[in-house]
Structures are given as structure tokens and as C-alpha cells.
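Asks: Sequence and predicted structure, then a few things I'm wondering about:
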Amino acid sequence: MDPMQETPIITSRDNAKIKYACKLAGSAAFRQSENAFLAEGLKLCPELAKGTTLKVLYYTERALEKAPELAALPGEHYLIQEHVAEKLAGVQANQGVFAVFEIPQCSVDLLKAGGRYLALERVQDPGNVGTLLRSAAAFGFDAVILGPGCASPWSGKTLRASMGAAVRVPVIEVQSMTDTIALLREKGVACLAAALYNSQLLSAVSQQQPGGVCVVIGSEGQGLTQETVDACDSAVRIPMTDRAESLNAGIAGSVLLWHFRGEGL
């Protein structure tokens, strides 16, 4: 049976469901209040559906012809016309697949002795946050902690950069980085600040940290606040030639995550 004959069709850009989805895409505060986010992508949406609840799926006839497996995904389904897809995407060029997902609820209760964690402070670039989520998932980290001032992990740009990693590794959003570091240290987790000054070379730090490790990375332009550096056990830096002053947060963080990667990697 043709799935398009059974699926409700949305023809208006002013449809209430489309307005709701657009608001999710544009407002971090609205995403938090609704506990939901909007994602776009022929590959990304099915990937995210493996890790969190898919609530509503929108697709064009063109997208369904290209990927008929979309019809088997859970949730409410709506066929949308091309001009409606352009409204959801905000641009004319799009893949024609959009989905509303539930935000996974993760708290500091997940933080355990012996775990591997990444903590980000004021990392504002969505590409860097997404890259670091992807690297954390790839290198076997147990959770990513986001402090105030970080790019939303549920924005379209971050989701695209993370390639679905935001639902494969727990994301814990906290109000105080120093309080969270104190909590980790109480559990015996070594908290290591990425900093250029008063730091030891990464190559001098053992990959294996018996009590667990938390790598703490700061903003692209200013790095970590001194308060956060002081809250950590120690600071580490990546050895580099004098041909580069620094690495961006996504690359530097990925190097650190690889160094403290999970066993067997």
C-alpha cells in the first residue's frame, strides 16, 4: 500500500504544527520548555531515532521516494509540500526530512567514580560543540557536561556537526561548572583543565586514570575561567610547534579525548 495515500498532507506554511517546529528550531528556551528539538536530514533523523523518542516526522514526496524506509519510523507522520520544507529548513535547498524528537533527560546523577567525562565551559561555536560530542562518543566517554554559555546541543547546527552523537552519549547541562567539578573530585575523578599556562604536557599524563577523568575545555577565544582552572586537580596542554599559537576547541578537545580514550581503542 502506498504510504503517501495514508499519510496526512500539510500544504500550508502557516500550519500550527509547522509553526511549532520552526519555533523549536529557533529558540533554545522553547526547546527546554517543551523538552523537544527539531532535526533535519535524510540520514540524521533516522540516526537520532535510534537514541531518543521520535515524536513527529515530516517529509516531502521527493525524500520518501529517495528513502522509502522513512515510512517505517515511529511517531506521527506528515507529508509536506516543498514550500513547507523550505519554511522548516529556512533555506530553499534542503533534504526534505524533518523530525521533532524528545530531549533525553540526563543529570549529574549519572556521574560515577571511574568514568570518563568531557566538560565544556562557554564553548559557543555549534560546530565545535557538535565535533566534541562526536569525538566523545567515538572515544568511549561516558557523558558530556555543558556549562552555561555553551552552544545548544539541540540546535540544528550542533546536531549536524555531532552526526547524532548527542543521543549516543549522555549530555548533562549544568548551572555551575565549579560545583560539578567539585562533585566529580569528591568521587575521585581527576579533573584536568586544558590551559596553556601553569600546565603540564599531555604526553606526561597517563592515559589511564584509575579514579576516572574529566577533561575540561573552555571557550574558543578566552579558554577557561580562572575559577574553573583553580577548581580542577591540574592543568594540561597539548605539545605544539611554535608555528601555531593554539588549536580551536573542537580539535584540541578531540586530541585530549583521544589521549584519555576508552580501553581497547
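Replies: Arrived safely, thanks for sending.
Asks: use CA for all of it now, contacts and neighbours both
Replies: OK.
Asks: Can you report how many residues neighbour residue 67?
Replies: When neighbours are defined as other C-alpha atoms under 10 Å, residue 67 has 13 of them.
Asks: Could you pull up the residues touching it?
Replies: Applying C-alpha atoms under 8 Å, 6 or more residues apart in numbering, one finds that residue 67 lies in contact with residue 42.
Asks: Just the strands from the stretch 151-265 of the chain, written as ranges.
Replies: Under the criterion DSSP state E, counting those that start in this stretch, strands of the stretch 151-265 of the chain are mapped to 171-173, 190-194, 200-201, 213-217, 234-237.
Asks: pLDDT (mean, whole number) over the first one?
Replies: By that I understand strand 171-173. Throughout strand 171-173, pLDDT has a mean value of 98.
Asks: partners of that strand, with directions?
Replies: The partner list of strand 171-173 in its sheet, established with DSSP bridges, is strand 143-146 (parallel).
Asks: Let me see the mean pLDDT of the strand it pairs with.
Replies: Along strand 143-146, the predicted local confidence has a mean pLDDT of 98.
Asks: Send me the lengthiest helix in the chain as PDB with only the CA atoms.
Replies: Among all segments of the chain classified by DSSP state H, the helix with the greatest residue count is helix 126-138. As requested, the backbone C-alpha atoms of helix 126-138 are provided in PDB (Å, rounded to 0.1, in the frame of the first residue of the first chain):
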ATOM      1  CA  PRO A 126      27.900  25.000  17.500                       C
ATOM      2  CA  GLY A 127      30.400  23.300  15.200                       C
ATOM      3  CA  ASN A 128      32.900  22.800  18.000                       C
ATOM      4  CA  VAL A 129      30.300  21.600  20.400                       C
ATOM      5  CA  GLY A 130      29.000  19.100  17.800                       C
ATOM      6  CA  THR A 131      32.500  18.000  16.900                       C
ATOM      7  CA  LEU A 132      33.300  17.400  20.600                       C
ATOM      8  CA  LEU A 133      30.100  15.400  21.200                       C
ATOM      9  CA  ARG A 134      31.000  13.200  18.200                       C
ATOM     10  CA  SER A 135      34.600  12.700  19.500                       C
ATOM     11  CA  ALA A 136      33.300  11.900  23.000                       C
ATOM     12  CA  ALA A 137      31.100   9.200  21.600                       C
ATOM     13  CA  ALA A 138      33.900   7.900  19.300                       C
END
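Asks: for it, packing partners?
Replies: strand 143-146, helix 156-162, helix 249-259 (3 or more C-alpha pairs under 8 Å, 6 or more residues apart in numbering; DSSP states H and E).
Asks: isn't residue 83 right next to residue 14, touching?
Replies: No - the criterion here is C-alpha atoms under 8 Å, and residue 83 misses it with residue 14 at 11.0 Å.
Asks: Of the two, which one has the most company?
Replies: Neighbour comparison, residue 83 and residue 14: the larger count goes to residue 83, with 15 against 12 (by other C-alpha under 10 Å).
Asks: dump the residue contacts of residue 218.
Replies: 120-123, 194, 224-225, 249.
Asks: and the gap between it and residue 140?
Replies: The span separating residue 218 from residue 140 equals 21 Å under the rule C-alpha to C-alpha, to the nearest Å.
Asks: now residue 224
Replies: Noted for residue 224: a distance of 24 Å to residue 140, by C-alpha to C-alpha.
Asks: Switch the strands of the stretch 151-265 of the chain over to a markdown table; also include distance to residue 104 and mean neighbour count.
Replies: As requested, the strands of the stretch 151-265 of the chain are arranged in a markdown table below (distance: least, C-alpha to C-alpha, whole Å; neighbours: other C-alpha atoms under 10 Å):
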| stretch | distance to residue 104 | mean neighbour count |
| --- | --- | --- |
| strand 171-173 | 8 | 21 |
| strand 190-194 | 25 | 25 |
| strand 200-201 | 36 | 15 |
| strand 213-217 | 21 | 26 |
| strand 234-237 | 31 | 20 |
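Asks: Distance to residue 76 added to those, as a markdown table?
Replies: Rendered in a markdown table, the data for those read as follows (distance: least, C-alpha to C-alpha, whole Å):
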| stretch | distance to residue 76 |
| --- | --- |
| strand 171-173 | 26 |
| strand 190-194 | 43 |
| strand 200-201 | 52 |
| strand 213-217 | 39 |
| strand 234-237 | 48 |
